[in-house]
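*Asks:* what's the 3D shape of this:
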Amino acid sequence: MKQFLSFIFLMFTLFNASAQATIGPVPIYLNNDPIEDVNRAVYEFNDALDKSVLKPVAESYETNMPDDGKKIVKNFFANIADFETFINQLLQLKIKDSVSTFSKIILNSTVGIFGLADVAGHSNHNEDFGQTLATWGVPNGPYVVLPLLGPSNARDSLGMIVDSLSPSNILGTFDSGVEISLKAVDAVDTRADLIPLADMLDRSFDPYITMKSSYQQKRNNDINDGNKPD
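*Replies:* Predicted coordinates for the structure are as follows:
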């Protein structure tokens, strides 16, 4: 579910920019959806689950959780995400970035008390193994919508499996019940941030197409660290 939510904050910026651009050939990766009927069915399932469970919980969280509490939650999970980023920066030979991220992890985990306080900032560009595979030249592969997890592709789905098994998956070191609880809190906190943009998605002409286009463009943006590819 976190994968389903994490990209939406850029959704309409990216979508509107592409709509306003000069019309030309559509990139192949935007059309690589050979199981669209299945993907749409899974998208509808995820959307129904979101509206019936996650959105109401997120709205309650947004209303009732004090701002200081939200900040602590965000700091904690941002620090955990930096572990995954650090490992993948090393795999991508981004040595300078990895040293910077590692120093932030040390300071936030010690002085910041397990990351609850942000004393050193966090990595500017989150990295995952799907991005690492992309830098190694592995293509996207077909677009897929995963149950609960949301939009992905063949390469990034493999990347998620590797990241989940990696030592950088700090949540995976906890008891399974604690791990599930922490992931649920992270998903609710992220969903609360995205309430206005998710509502805009629902009002788009074809939410499935909007989500697919935005996800794929954001992944390209992530892989290139916000820079245009050569």
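*Asks:* Let me know the secondary structure of Pro139.
*Replies:* Assigned by DSSP: H, G, I helix; E, B strand; the rest coil, the conformation of Pro139 is coil.
*Asks:* By mean pLDDT, which helix or strand of this structure comes out lowest?
*Replies:* Ranked by mean pLDDT, DSSP states H and E, the weakest helix or strand in the chain is helix 11-20, scoring a mean of 38.
*Asks:* surely Gly141 meets Gly159?
*Replies:* No - using Cβ atoms under 8 Å, Gly141 is not in contact with Gly159, being 10.9 Å away. To be clear about C-beta, it is placed using only N, CA and C from the backbone, and glycine gets the same treatment.
*Asks:* buried ones in stretch 195-212?
*Replies:* If you call a residue buried by 16 or more other Cβ atoms under 10 Å, then stretch 195-212 has these buried ones: Ala198, Leu201, Pro207, Tyr208, Thr210, Met211, Lys212.
*Asks:* From the opening residue of that stretch to its closing one, how far?
*Replies:* Chord length of stretch 195-212, first to last residue, is 19 Å (Cα to Cα, to the nearest Å).
*Asks:* same deal with stretch 159-173?
*Replies:* 19 Å.
*Asks:* now stretch 47-55
*Replies:* Terminal residues of stretch 47-55 lie 10 Å apart, using Cα to Cα.
*Asks:* So what touches stretch 168-178?
*Replies:* Contacts of stretch 168-178 with the rest of the structure, by Cβ atoms under 8 Å, 6 or more residues apart in numbering, involve Ile80, Phe83, Glu84, Phe86, Ile87, Asn88, Asp163, Ser164, Leu165, Glu179, Leu182, Lys183.
*Asks:* Among the residues you listed, name the ones in helices.
*Replies:* Ile80, Phe83, Glu84, Phe86, Ile87, Asn88, Asp163, Ser164, Leu165, Glu179, Leu182, Lys183 (DSSP state H).
*Asks:* just the buried members of these?
*Replies:* Counted by 16+ other Cβ under 10 Å, the ones in helices among the contacts of stretch 168-178 give Ile80, Phe83, Glu84, Phe86, Ile87, Asn88, Asp163, Leu182 as buried.
*Asks:* hmm, which two among those residues are most spread apart?
*Replies:* Asn88 and Leu182 (20.8 Å; Cβ to Cβ).
*Asks:* and Lys94, how many neighbours?
*Replies:* By the criterion of other Cβ atoms under 10 Å, Lys94 has 20 neighbours.
*Asks:* Leaving out sequence neighbours, find the closest residue to it.
*Replies:* Spatially, and ignoring its direct neighbours in sequence, Lys94 is nearest to Glu127 (7.8 Å; Cβ to Cβ, 6 or more residues apart in numbering).
*Asks:* Need the contact partners of stretch 34-47.
*Replies:* Contacts of stretch 34-47 (Cβ under 8 Å, 6+ apart): 4, 33, 142-148, 150, 207-208, 211-212.
*Asks:* picking that back up, now, among the buried residues of stretch 195-212, which is nearest to Gly137?
*Replies:* Taking Cβ to Cβ as the measure, Gly137 sits nearest to Lys212 out of the buried residues of stretch 195-212, at 23.3 Å.
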